[in-house]
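*Asks:* no letters, just coordinates:
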DNA sequence: CCTGTCTGCCCC
DNA sequence: ATTCTGC
DNA sequence: GCAGAATGGGCAGACAGG
């Protein structure tokens, strides 16, 4: 019964409505709740895999591999000439993407459907992908929308379908849903496309596809079970994402903020800096707040408590919840990529930074330098 | 009118 | 987004 | 295994204050 209620909620996303149906028609009523075109539904989520081989082993045998585009997830609803677009968190962004609306209206060959894809900013020069921040400028825009449609064109790559002409198709296996999608999508080059997909059971072939995705400057790939159904709002089932981690950086802690909630009483996040070899200064390049343990489960774990005690002697001063710390402690940090930053003195920031280890063997003078960040930044924009 | 700061069932 | 932890 | 709660960069918009 719980499952049926939950399922109904994932489709309707409205407790009141679920309650009403339960009152009037009971469990039977909830069982038959259908997608309403124009009303967003909870999206299926993916889990992480270390690499292609692991992903394929987990899913077993033949899999579908799709490019994971670096953009925004979008759910498109179509009913006749009417189009709605929703984000992953079910925010309504139809107004922000009039260009997408037009492509969807003309190129979804059906009366009614709900499809899903990834929207990303496309270069006007060579159709290559632009950084996520560029697309961000369009997502919650209220003013100058048309101007930005011109300045920042987007491409969508569709990868799933949940509803087609009166029928829910979420219980069909992925390979069948893909066939339906291929049947109804009229592709428009560099604008309205299907997600590039490879079906294979060969790890080598899959690895090659992954490398190609990276060469196209995309984030990585999704590895999917061909038999999997579409499951709302949960990180279960047959989708695994694989994306690379950049080379670890060793950076200096020069500040922190006191944590809240679970982390109250400890320093909960840490200001990182690289060394400017020209001046000897330490220049901020971001903050770090994940990857550190709350509890010690094994001897090599580093806890918030330990880190807080370790840094306390070097606190220079505090203002509000912010703390400045003398550069003493060096930490290893993983991240996805280096971004240009308007917010940090170094001019760079890390995307998705996470703590790996304390470098007890390193002094602040041995930390990675500004010129190394510059070098790595240029390297990634050239190779990807 | 500019600037800084804060918020967003925000996007990632 | 990533990661950790309680259930 | 899953859900919830900590935290990251960065964007547009709203608002307060000078």
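*Replies:* Received it, and whenever you're ready, just let me know what you need. This is a predicted model, so every value here is computed, not measured.
*Asks:* tell me which parts of the stretch 151-300 of chain A are close to DNA strand C?
*Replies:* A:243, A:290-295, A:297 (CB under 7 Å from any atom of the strand). For glycine as for every other residue, the C-beta is placed from the backbone atoms N, C-alpha and C.
*Asks:* what sits against the residue lying closest to residue A:243 once chain neighbours are set aside?
*Replies:* In this structure, residue A:243 finds its nearest non-sequential neighbour in residue A:220, 3.0 Å apart by CB to CB, 6 or more residues apart in numbering. With contact set as CB atoms under 8 Å, 6 or more residues apart in numbering, residue A:220 has these partners: A:68, A:210, A:213-214, A:241-244.
*Asks:* and for residue A:174?
*Replies:* Contacts of residue A:174 (CB under 8 Å, 6+ apart): A:64, A:160, A:224-230, A:238.
*Asks:* before we move on, the earlier item: out of the contacts of residue A:220, name the ones that lie in helices.
*Replies:* A:210, A:213-214 (DSSP state H).
*Asks:* of the residues you listed, just say which sits nearest to residue A:372.
*Replies:* residue A:214 (21.5 Å; CB to CB).
*Asks:* all strands for the stretch 151-300 of chain A, in order.
*Replies:* In the stretch 151-300 of chain A, strands defined by DSSP state E, counting those that start in this stretch lie at A:154-164, A:167-168, A:192-194, A:197-200, A:220-225, A:239-242, A:249-258, A:267-275, A:282-288, listed in chain order.
*Asks:* out of these, nearest to residue A:137?
*Replies:* Going by CB to CB, the one of the strands of the stretch 151-300 of chain A nearest residue A:137 is strand A:154-164, 11.0 Å.
*Asks:* who does that closest one pair up with?
*Replies:* Paired neighbours of strand A:154-164 in the sheet (DSSP bridges): strand A:112-121 (antiparallel), strand A:167-168 (antiparallel), strand A:192-194 (parallel).
*Asks:* how about the residues of chain A near DNA strand B?
*Replies:* Counting by CB under 7 Å from any atom of the strand, chain A sits next to DNA strand B at A:13, A:70-73, A:87-89, A:91, A:93, A:132, A:136, A:139-140.
*Asks:* out of the residues you listed, which are buried?
*Replies:* A:13, A:70-73, A:87, A:93, A:132 (16 or more other CB atoms under 10 Å).
*Asks:* tabulate those (CSV), appending distance to residue A:324, pLDDT and secondary structure.
*Replies:* Below are those laid out as CSV (distance: CB to CB, whole Å; pLDDT from 0 to 100; DSSP: H, G, I helix; E, B strand; the rest coil):
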residue, distance to residue A:324, pLDDT, secondary structure
A:13, 45, 88, coil
A:70, 35, 97, coil
A:71, 37, 98, coil
A:72, 36, 98, strand
A:73, 39, 98, strand
A:87, 37, 97, coil
A:93, 40, 98, coil
A:132, 31, 97, helix
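*Asks:* could you pick out which of these are near DNA strand D?
*Replies:* residue A:132.
*Asks:* check the buried ones among the residues of chain A next to DNA strand B and tell me the two furthest apart.
*Replies:* A:13 and A:70 (26.8 Å).
*Asks:* could you list the low-pLDDT ranges of chain A?
*Replies:* Scanning chain A for pLDDT under 70 picks out A:382-384.
*Asks:* okay, now the domains of it?
*Replies:* Using automatic domain parsing, the domain parsing of chain A gives A:2-31, A:45-242, A:249-383.
*Asks:* buried ones in the shortest one?
*Replies:* Think domain A:2-31. A:4-13, A:17-18, A:21-22, A:29-30.
*Asks:* kind regards, and thank you for your time.
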